[in-house]
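Q: Structure for the following, please:
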Amino acid sequence: MRSTRLRVDNLLEKGRIEAAEEYMESRRLVFVEEGYPIRKLNQAYFAFYGTYADNPASVSPIGQEVDRLRELSGSLGDFIRVVSAFANYQEFKEYLALHDG
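A: Predicted coordinates for the structure are as follows:
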């Protein structure tokens with residue numbers, strides 16, 4: 001499901017809406033054949049399951065960056081202190097660029 005969502009997101013970013021819809025339907029049929037009775041696979045389905053990383057279909061646009069920040073932190077406490085100081089995503093990215101380069 002995750003790879004399906006990533007491909008759909010890529011198609012939609014390119015403005016290929018019909019191709020994304022056709023791909024979702026073809027993937028839905030595969031899931032049904034495998035025993036997952038999904039009635040409709042569309043962007044609403046993905047939105048319902050969100051980007052909370054609590055299921056295999058989840059996608060996080062900053063997950064790898066957060067993982068990298070955790071690696072750079074000496075402890076979980078340090079990680080939390082650093083994260084809590086960011087006012088926005090741009091500050092987060094700038095911090096990573098300074099400390100990862």
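Q: what's the domain layout of the protein?
A: The domain map for the chain lists 2-49, 63-100, with the assignment taken from automatic domain parsing.
Q: Check the spacing between Asp67 and Ser3 real quick.
A: From Asp67 across to Ser3, the span is 19 Å (C-beta to C-beta, to the nearest Å). C-beta: built from backbone N, CA, C; applies to glycine.
Q: Please disregard the earlier target; I meant Asn88.
A: 31 Å.
Q: what's the weakest-modelled helix or strand in this structure?
A: helix 43-49 (a mean of 67; mean pLDDT, DSSP states H and E).
Q: Can you name the element that comes right after that one?
A: Next helix or strand after helix 43-49 toward the C-terminus (DSSP states H and E): helix 63-72.
Q: Give me the mean pLDDT for that next one.
A: What helix 63-72 shows for mean pLDDT is 87.
Q: so where's this structure uncertain?
A: Scanning the chain for pLDDT under 70 picks out 46-61, 101.
Q: again, only this time at 50
A: Filtered on pLDDT under 50, the chain yields the residue ranges 52.
Q: longest helix in it, by residue count?
A: helix 17-33 (DSSP state H).
Q: Only the buried residues of that one, if you could.
A: Ala20, Glu21, Tyr23, Met24, Arg27, Arg28 (16 or more other C-beta atoms under 10 Å).
Q: Chain neighbours aside, what residue packs nearest to the fifth one?
A: Across the structure, with C-beta to C-beta, 6 or more residues apart in numbering as the measure, the residue nearest Arg27 apart from its sequence neighbours is Thr4 (4.6 Å).
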